[in-house]
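>>> what shape does this take:
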Amino acid sequence: MTNDYQDKCRIVADDRENAGGVIDELRAFPHLALEIGRLKAGDFQVEGHFLVERKTMADLACSVVDARLFRQAAALANSSQRGILVIEGNGQDDQGVSREALQGALITVSVFYGLAVLQAKDQAETARLLMFLAQQARKAVHGSLSRHGYRPKGRRARQLFILQGLPAVGPERAARLLDRFGSVQAVASASAPDLAEINGIGDKVAKRIRWAFEPDAMPAVAALTSREYRPR
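Numbering: from 1, shown residues only. Predicted coordinates for the structure are as follows:
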């Protein structure tokens, strides 16, 4: 039985996803070893290499409004595993959020946080995407999955890399932010007055940092990629 388990693809699903329908779809795959547990970040862990956050169109819209999407993206980006966002649904229904706001949010998630963004039409297709991902991960050389482009090594380096994507934040300010708040998530949740207290930040820069996390500012965030986003 042990050998049979080792020969199967491995996916861990967060137990809070039980009502989403994807877990039931995954159970139908005969060559999948599925575990149900509690994940610190993401909804699915695939082959120990990938963390996947699943969003229906309705949940995506709500998570943009309350900024939950960006906290979740930061958690995935801080992980040693590759973060992936799967958007489920066709987007034809009115979600109460403008198309521009959604596009701006996805730019932030993909460009600033470095998450891959995939589309699935329904729960069954989400399950198939997860299974395809697991199968391709097993085909890769064990422990040496290919990652294109600049990928900083080490937890602190990855956190600093993310923070330097914020407006007016270079290496020194990123280091001070991380030293003060301890994580990217904490920076994203910090108020402008708290940010302004840090040496070298001040009110003006603090407001620009908070602006980057405000949902109504997301459509304009793409302009930062050419001006101030300089990964080192």
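>>> from now on I want contacts and neighbour counts done on CA atoms only, so please keep to that.
Noted.
>>> the spatially most central residue of the chain: what's it in contact with?
The chain has A73 as the residue nearest its centroid, 2.8 Å off, counting by CA atoms, centre = their mean. Contact analysis of A73 by CA atoms under 8 Å, 6 or more residues apart in numbering lists 83, 109, 113, 115.
>>> and it, how far is that from D122?
From A73 across to D122, the span is 22 Å (CA to CA, to the nearest Å).
>>> again with R210
Counting by CA to CA - R210 and D122 are separated by 34 Å.
>>> comparing the two, which residue is more hemmed in?
Neighbours per residue (other CA atoms under 10 Å) separate R210 from D122, with R210 holding more: 19 against 15.
>>> what's the helix or strand for that one?
Using DSSP states H and E, the element containing R210 is helix 202-212.
>>> and for P193, the neighbour number?
12.
>>> that one reaches K204, doesn't it?
No - contact criterion CA atoms under 8 Å: P193 and K204 do not qualify, at 10.4 Å.
>>> grab the longest helix from the protein for me.
With DSSP state H applied, the helix covering the greatest number of residues in the chain is identified as helix 123-139.
>>> tell me the angle the next helix or strand after it makes with helix 202-212.
Next helix or strand after helix 123-139 toward the C-terminus (DSSP H and E): helix 155-163. Relative orientation of helix 155-163 versus helix 202-212 (axes from the mean of the first three to the mean of the last three CA atoms, to 10 degrees): 90 degrees.
>>> which of the residues in helix 155-163 are buried?
Residues of helix 155-163 classed as buried: 158-163 (neighbour count, 16 or more other CA atoms under 10 Å).
>>> one step back: tell me the SS of the residue nearest to the centre of the chain?
State at A73, reduced to three classes by DSSP: H, G, I helix; E, B strand; the rest coil: helix.
>>> for it, report the pLDDT, please.
Model confidence at A73, given as pLDDT, is 92.
>>> if I look at it, how far off is G154?
A73 is 18 Å from G154, where distance means CA to CA.
>>> and D59, how many neighbours?
Quick note: D59 (other CA under 10 Å) scores 16 neighbours.
>>> now do K8
17.
>>> equivalent analysis for N90, please.
Neighbours around N90, by other CA under 10 Å: 12.
>>> could you find the closest non-adjacent residue to it?
K121 (6.0 Å; CA to CA, 6 or more residues apart in numbering).
>>> tell me the spacing between the one you found and V22.
Distance of K121 to V22, given as CA to CA: 12 Å.
>>> check contacts around L160.
Applying CA under 8 Å, 6+ apart to L160 gives the contacts 171, 174-175, 178.
>>> from those residues, which land in helices?
171, 174-175, 178.
>>> among these, which ones are buried?
Buried, going by 16+ other CA under 10 Å: 174-175, 178, out of the ones in helices among the contacts of L160.
>>> now this structure, which segments are flagged as low pLDDT?
1-6, 91-95, 140-153, 214-232 (pLDDT under 70).
>>> pop the domain breakdown of it in here.
Domain segmentation of the chain under automatic domain parsing yields 2-139, 155-227.
>>> and the shortest one, how far out from the chain's middle?
Between the mean C-alpha location of domain 155-227 and the chain-wide mean there is a distance of 17 Å, by CA atoms, centre = their mean, to the nearest Å.
>>> and D24, how far from Q123?
In terms of CA to CA, D24 sits 9 Å off from Q123.
>>> also I87?
Counting by CA to CA, the gap between I87 and Q123 amounts to 10 Å.
>>> so which of the contacts of A73 is the closest to Q103?
V109 (9.9 Å; CA to CA).
>>> show me the contacts for the closest one.
70, 73, 115.
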